[in-house]
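Enquirer: Pasting the sequence and the predicted coordinates here, then a few questions.
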Amino acid sequence: MNPRRKKRLLAVTSVIFGLGAVVGLVLYALQENINLFYTPSELIEGKGPNLEKPFIGQKLRIGGMVVPGSVVRDESSLEVSFKLTDTGPIVTIRYQGILPDLFREGQGIVAQGVLIEPDVIEAFEVLAKHDEEYMPAEVAEAVKGIKHEKPKYNLDSGN
Amino acid sequence: MIPEIGYFSLTLAMVLSVLLCIFPLWGAHTGNLRLMRAAPSLAVGQFAFVLISFAALIYASLTDDFTVAYVAYHSSSTLPWYYKITSTWGGHEGAILLWLVMQAGWTAVVAMRSQSLPWILRARVLGVLGFLGVGFMLYTLLMSSPFELLLPYYPVEGRDLNPLLQDPGMIIHPPLLYMGYVGLSVSFSFAIAALLTGKLDNTWAKWSRPWTMTAWGFLTLGITIGSWWAYAELGWGGWWFWDPVENASLMPWLVATALLHSLSVTEKRGVFKSWTVLLAIAAFSFSLLGTFIVRSGIIVSVHAFATDPDRGLFILAFLAIVVGGGLALYALRVSEVKSEGRYKLVSREVALWLNNIFLVVATLIVLLGTLLPMIHKEMGLGSISIGEPFFNKMFAILLVPFAILMGIGPLLRWKQNKWAFLQNKLLLCALASIAVTSAWLFLGYDDVAPLTLLATTLAVWIVFTTVLDIVDKTRVHGSLQNGLKRLSVSYWAMVLGHIGIAFVIAGVTLTSAYSVERDVSMKPLEVVSLNQYDYRFEGVKDIRGPNYSGHAGVVTVLKEGDKVARLYAEKRQYDIGMQFMTEAAIDAGFTRDLYLALGEQLSNGGWSLRIYHKPYVRWMWLGGILISLAGFMILGDKRYRNNKKREQKNQSEVA
């Protein structure tokens, strides 16, 4: 091989190796950081065709409507817990900290956290609806069904 | 009446942009100079009509003309006048109109500042810009006109600008960002024009470079201010969320950064030509992709606007035409491009080539992290999100070789360099930066994580090698003063940009590692300590603003008994819409920010408060400002300014 070809071969191999390393690393990092999105029904009844349920300790995101009257604040600390629902099943969210400005009962939110019991999530982040026109698309989708079905809770009685 | 004028002049602008697209391109194709000569006046005319249209919208907003749907939805009579103006880009339709103003503005400036170009190239650049103008104006007129009327039944009061957007950040952030996005269309047009002409020489790079640098400067400043705004306004002290919309602005920035490094090689050495052209096409494509991501509603984001799938489809089609057309032309013409220069492994060319590789890999990572959730969802696999740790990890890994290279690159010479000449200097710099950083961190903090030490060392390393390079380059000219004068403007731009990056790295690293936050519940006169500062809660008082009321938690900050600041952490409720907004109180400092956000009142009478101590957080915005200054500095470079006369001769020859 003449020196020029040798140099090219070296360049090409190093590029391929570099690319491989990058792809491998990216996939590895991805695997650890993909968080699945659940609705309360999916969390309880299972998600997808195989009705897969998340395992305890899994990091996940959940979106639904805050059940009116379910928000319980701790007297002295910033602990707060509330219930989320979409079409029936109810999931409890626990959170430590200040809730976002737009957090209100009866409205859509998305929480990110860890499943600690089959229907309890310890959230480290709670996101609320952004303005009148915006609703987290995932919540909107999950809640779409509600419009046809009568919600299991009554908005007026406050549960 | 006024809104009709706005719509009508936008239609006229559209007609002019169609002509601007056809005449010069056809003229350049057939060699008809008269058609080509029409381009500059068409460009200026187009800008004038778009400006009239924009002025009409601002007028409607200032006069509370709620017959205009856009004004009714995004403004209100109680809004202060400056936010009424701001509201014209607070919603989708208006934001697109602002985009058009920028697009037409850049086109007009290119038309006026390109006398030195040969007509055939000038006409093609303006023609391509005209084509892009057609696309956006068609979109505005067909899909998102801000001049829709609510007649005969119009509201007496508007719905108000979203309180989140009632912030000084909103006044400057979108215009700057759009200046950057749209500015990249100029680099794109230069690339396409050069491909059409078939002359990809270094004069092309020389013409493209100041435009690219300026656009990049705006983009940098826009992103920086966006980050600062998120920090100050969103109330939870974050400055970058890896949100899809942030990513949408970061991708064109990364590609544009690669582009201007590659342009410098093409200009000075005549190599990497085809790569540079590809980057120019890619940079603008990414800014269009960003628009698509933001406007189509396929993502979940704190920025998501009211969305409409048809709009997304239009932008996607336009994106396909621009990217597809650009790449097809590239594929047809690239084989004719020959690189001239030769270079060895240890040379500045290779260093800049590696710089490009790292930036492109970074772009692809952001792209993957942004698009994967969308693809996943579109394929019906359910919705997923890719967390911040993914991006943080990938960028941390990329940072190490990138920053090391950034220190070495500027010291290398073109073509080839003896490694032995550099070895000792670099070793000295490396040891010095390790020593300085260790002293800095170990004296300041009890606990120093290895990664924090590494990243901070890299920031210091960039500064040291840059200073070493300045010393090296000035020494040959005798006195320091004499030497400093001889350095070119673009050299200083590089120095500024690299120092800026060092500040960003140090700021991001230190604030991530050493920020402390506490959520507390406090009763009046209670004191909480955090990092040597004592926070005394004085109570809550009522406040009243022009269009909101609310209350502010008053906190006195003390350090060793001395008063440092009195902070008012506000909770506002806006009169229209009754939305609550947390307005954080910040005591800014060069080495630390004290940041306070007020929560709700608890049932025991206390208030919840979130207190942050954020060291060096300002450094990253300082860095961002330095980097953008580097972009604007090139406008002062004589090489790009005074070539008008020199090249007028060439022009007459070509003509």
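Expert: Yep, that arrived. Just so it is clear, the structure is predicted and the values come from calculations on it, not from any experiment.
Enquirer: residue ranges of the strands in chain A, please?
Expert: A:34-38, A:59-66, A:72-73, A:79-85, A:90-96, A:108-117, A:120-128 (DSSP state E).
Enquirer: State the distance from the residue in the stretch 1-150 of chain B positioned nearest to chain A to B:E93.
Expert: Per CB to the nearest CB, B:Y73 is where the stretch 1-150 of chain B lies closest to chain A, at 8.7 Å. For glycine as for every other residue, the C-beta is placed from the backbone atoms N, C-alpha and C. In this view, B:Y73 and B:E93 are 9 Å apart by CB to CB, to the nearest Å.
Enquirer: State the number of residues packed around B:W419.
Expert: 11 (other CB atoms under 10 Å in any protein chain shown).
Enquirer: do the same with B:Q579
Expert: 18.
Enquirer: ok, now which ones touch B:D637?
Expert: B:P210, B:S488, B:V489, B:S490, B:A493 (CB atoms under 8 Å, 6 or more residues apart in numbering or on different chains).
Enquirer: Give the rounded mean pLDDT of stretch B:423-441.
Expert: What stretch B:423-441 shows for mean pLDDT is 94.
Enquirer: CA atoms only for that stretch - export them in CSV, please.
Expert: Below are the C-alpha coordinates for stretch B:423-441, written out as CSV (Å, rounded to 0.1, in the frame of the first residue of the first chain):
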residue,chain,number,x,y,z
GLN,B,423,5.0,19.8,24.1
ASN,B,424,6.6,21.8,26.9
LYS,B,425,4.3,24.8,26.6
LEU,B,426,1.3,22.6,26.7
LEU,B,427,2.6,20.6,29.7
LEU,B,428,3.2,23.8,31.5
CYS,B,429,-0.3,25.1,30.8
ALA,B,430,-1.8,21.8,31.9
LEU,B,431,0.2,21.8,35.2
ALA,B,432,-0.6,25.4,35.9
SER,B,433,-4.3,24.9,35.3
ILE,B,434,-4.5,21.8,37.5
ALA,B,435,-2.6,23.7,40.3
VAL,B,436,-4.8,26.9,40.0
THR,B,437,-8.0,25.0,39.9
SER,B,438,-7.1,22.7,42.8
ALA,B,439,-6.2,25.7,44.9
TRP,B,440,-9.5,27.5,43.9
LEU,B,441,-11.8,24.5,44.6
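Enquirer: Tell me how far that stretch lies from the chain's centre.
Expert: The chain centre lies 32 Å from the centre of stretch B:423-441; the measure is CA atoms, centre = their mean, to the nearest Å.
Enquirer: so what does the helix or strand hosting B:V436 touch, helix or strand wise?
Expert: Using DSSP states H and E, B:V436 sits in helix B:419-444. Secondary-structure packing of helix B:419-444 (3 or more CB pairs under 8 Å, 6 or more residues apart in numbering or on different chains; DSSP states H and E): helix B:388-408, helix B:450-475.
Enquirer: Of all the ones you listed, which one is nearest chain A?
Expert: helix B:388-408 (3.8 Å).
Enquirer: List the contacts of the residue in the stretch 451-600 of chain B that chain A sits nearest to.
Expert: Nearest residue of the stretch 451-600 of chain B to chain A: B:G599, at 3.7 Å (CB to the nearest CB). Going by CB under 8 Å, 6+ apart, B:G599 touches A:L78, A:I98, A:L99, B:D519, B:T582, B:W607, B:S608, B:L609, B:R610.
Enquirer: Using a markdown table, lay out the helices and strands packed on helix B:419-444 together with mean pLDDT, mean neighbour count and distance to chain A.
Expert: Formatted as a markdown table, those follow (pLDDT from 0 to 100; neighbours: other CB atoms under 10 Å in any protein chain shown; distance: least, CB to the nearest CB, whole Å):
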| stretch | mean pLDDT | mean neighbour count | distance to chain A |
| --- | --- | --- | --- |
| helix B:388-408 | 91 | 18 | 4 |
| helix B:450-475 | 93 | 19 | 15 |
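Enquirer: Three-state assignment for the residue of the stretch 1-150 of chain B closest to chain A, please.
Expert: Three-state assignment for B:Y73 (DSSP: H, G, I helix; E, B strand; the rest coil): helix.
Enquirer: And the one 5 residues further on, by the same measure?
Expert: Counting by three-state DSSP, the backbone at B:T78 sits in coil.
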